[in-house]
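Novice: Turn this into a structure:
(2 chains)
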Amino acid sequence: MLKNFEPNKIFLITSRAPKYVLFLFIIIISIGLIEALILSPEDYIQGHSVRIMYVHVPSAWIALGTFSTIAILSFLIIIFKIKSFILIAKSLAPAGLVFNIIALVTGSIWGKPTWGTWWAWDARITSMLILALFYIIYILAWRIYEDKEKIHKITAFIAILGVINVPIIKYSVDWWSTLHQPASVNIFSGTSIHSSMIIPLALMTAAFALFSIMIFLMKYNTELIKIKNKGLDRL
Amino acid sequence: MINEVISMNGYGIYVWSAFSFTLISFGVLYTVIKFQLVKEKNKFDAKYLTLTSDKKNTVRTQKTYKGILASNLVSKI
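Specialist: The predicted structure is shown next:
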């Protein structure tokens, strides 16, 4: 089954998929933006500032999910020496970093009307900042050590070390007293958000996920062509 | 109605800034990644055109190279 992930086998799919994903993304984000900015109700305490949730929360989820995926792939690369996962892990990082930055910046913008400050060194925000640093270190490591043999081990180590931070981010609001409210959406115990807010949140999450998939596919194709360019030199 | 959507009872500046930042970030990321992809494809085209016909035939028989050629400008020449 793992052979299906070999670059040679999936290039035909990955090279054609981005345009279809882009088309789907444009449709879903258009509906999502109308729902988030116009149709969804304002919060009885936070007023209209709650709409920032529709970009902040999906960004944070995708940044966390992407880094966790990179760490799982890195673990498989180290333990089972599955080399086809190296390119996948590397190609996931740029989208993850950008979503992490979006989560931090939109969180900061949301913080001003809600908490009265742009920034606070509370557990959730600080741990998200640390995750962004791990993303940056991971991407920089690929740039600095690109041609070195040990690059797979170095980047895998960074990802596995960084993923320790993920449960800290998730449970920081429960473990410490922070400015952040506890999680309102939980796939195991249900959600405390009204459906009129869940629908735009789900739509924006779907749109952001599609965008990250599209960026991943484009980056994956770029990396693969880069390798094949080196192959042409050797012919 | 439009004024209400723009001002959002004074929260408009925060909401629109957050959404604008997100969409601009998307635009920048897409442009950068697309630029890198086009650059690598052009590099591939340039290298492919300098190959001898024997080597071109070898390249055409390999699955991934065939895929790259199919999505590149050079295939249309």
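Novice: what stretches of chain A score poorly on pLDDT?
Specialist: A:1-9, A:147-148, A:184-190, A:234-235 (pLDDT under 70).
Novice: Could you find the closest non-adjacent residue to the residue in chain A that chain B sits nearest to?
Specialist: In chain A, the residue that lies nearest chain B is residue A:48 (3.6 Å; CB to the nearest CB). Yep, even glycine has a C-beta here, placed from its N, CA and C like the rest. Leaving out its chain neighbours, the residue that sits closest to residue A:48 by CB to CB, 6 or more residues apart in numbering or on different chains is residue B:8, at 3.6 Å.
Novice: for the one you found, phi and psi?
Specialist: Dihedral pair for residue B:8: phi 50, psi 50, per degrees, to the nearest 10.
Novice: can you pull the contacts of it?
Specialist: Residues counted as contacts of residue B:8 (CB atoms under 8 Å, 6 or more residues apart in numbering or on different chains) are A:42, A:47, A:48, A:49, A:51, B:15.
Novice: What about the fifth one, how many residues nearby?
Specialist: This means residue A:51. Neighbours of residue A:51 under the rule other CB atoms under 10 Å in any protein chain shown: 28.
Novice: Checking it next. Helix, strand or coil?
Specialist: For residue A:51, the assignment made with DSSP: H, G, I helix; E, B strand; the rest coil gives helix.
Novice: Leaving out the residues flanking it, which one is nearest to residue A:57?
Specialist: Spatially, and ignoring its direct neighbours in sequence, residue A:57 is nearest to residue A:201 (6.4 Å; CB to CB, 6+ apart).
Novice: what does residue A:35 give?
Specialist: With CB to CB, 6+ apart, the residue lying closest to residue A:35 is residue A:200, at 3.7 Å.
Novice: State the helix or strand in which that neighbour lies.
Specialist: Assigned by DSSP states H and E, residue A:200 belongs to helix A:195-234.
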